[in-house]
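Peer 1: Predicted model follows, preceded by the sequence.
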Amino acid sequence: MKNHVISDKELVKQYLQGNEACLEMLIKRHKNKIFTTILYIVNDHYIAEDILQETLIKAIRTLRKGKYNEEGKFLPWIVRIARNMAIDHFRRSKRMPKITSQDGKDIFRTFEVDDMNREETYVRDHRDDMIRELINQLPMEQKEVLVLRHYGNLSFKEIAAITDVSINTALGRMRYALNNMRKIIEEKSISLQ
């Protein structure tokens, strides 16, 4: 017997009909992507937690008011809310975003290998720092697409919806981001080995 996954659209519909468990299922399904998006922008685990809660509250209020009309595109819709709230925070605090994981650790240090010796760890950390610096030199639009794609695991269609651009624009920004990183590597003779 096949496992049947209930669509986001159906979960929203059932939630609006009074089934609170459906909202919990939606949140569990998408919480990591929402949180990663926020954390990428604000670079603070605790602030990201607060903004996540504010995002969920805003989404619930919008749903209850009957103003949700995203044609079953729940994830891009709620990530757009989260992104806007995080950017508002970023603008208020005027802090440069840094890329971290949902537990507040550096995103580049999430792929730990248990049997690494000190030298390997140092080399990996140094490389990760270099990559972070490269990403931080990109224009915000390119950086955003790169992070949402590689660290948020979002499709270009989802990224386009979240950033309110066409899929071709999102693809173009990704291409420019990668090309710009290559240029910087070549210009500065950076070795990522």
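Peer 2: On my side now, so go ahead.
Peer 1: what about the residue positioned nearest the centre of the chain, helix or strand, and which?
Peer 2: In the chain, the centroid-proximal residue (CA atoms, centre = their mean) is Thr37; its distance is 2.7 Å. Element membership for Thr37, per DSSP states H and E: helix 20-42.
Peer 1: Give the burial count for Val5, as a bare number.
Peer 2: Number of residues near Val5 (other CB atoms under 10 Å) recorded here: 9. Quick note: C-beta positions are derived from backbone N, CA and C, even for glycine.
Peer 1: Distance check, it against Ile41.
Peer 2: 29 Å (CB to CB, to the nearest Å).
Peer 1: what mean pLDDT does the helix holding Thr37 have?
Peer 2: Averaged over helix 20-42, pLDDT sits at 86.
Peer 1: next helix or strand past the helix or strand hosting Arg132?
Peer 2: Taking DSSP H and E as the definition, Arg132 sits inside helix 118-136. Next along the chain after helix 118-136, taking DSSP H and E as the criterion, comes helix 140-150.
Peer 1: rewinding a little: my read is that the residue nearest to the centre of the chain contacts Asn84, right?
Peer 2: No. Applying CB atoms under 8 Å as the test, Thr37 and Asn84 come out as separate, 10.3 Å apart.
Peer 1: quick one, phi/psi of Ser155?
Peer 2: Ser155 adopts backbone torsions of phi -80, psi 160, taken as degrees, to the nearest 10.
Peer 1: Mind pulling up the pLDDT for it?
Peer 2: Confidence at Ser155, expressed as pLDDT, is 82.
Peer 1: That one: neighbouring residues, count only.
Peer 2: 14.
Peer 1: Likewise for Leu154?
Peer 2: 23.
Peer 1: Assign a three-state SS to it, would you?
Peer 2: Using DSSP: H, G, I helix; E, B strand; the rest coil, the secondary structure recorded for Leu154 is coil.
Peer 1: so it sits right up against Leu146, yeah?
Peer 2: No. Leu154 is not in contact with Leu146 according to CB under 8 Å; the separation is 11.2 Å.
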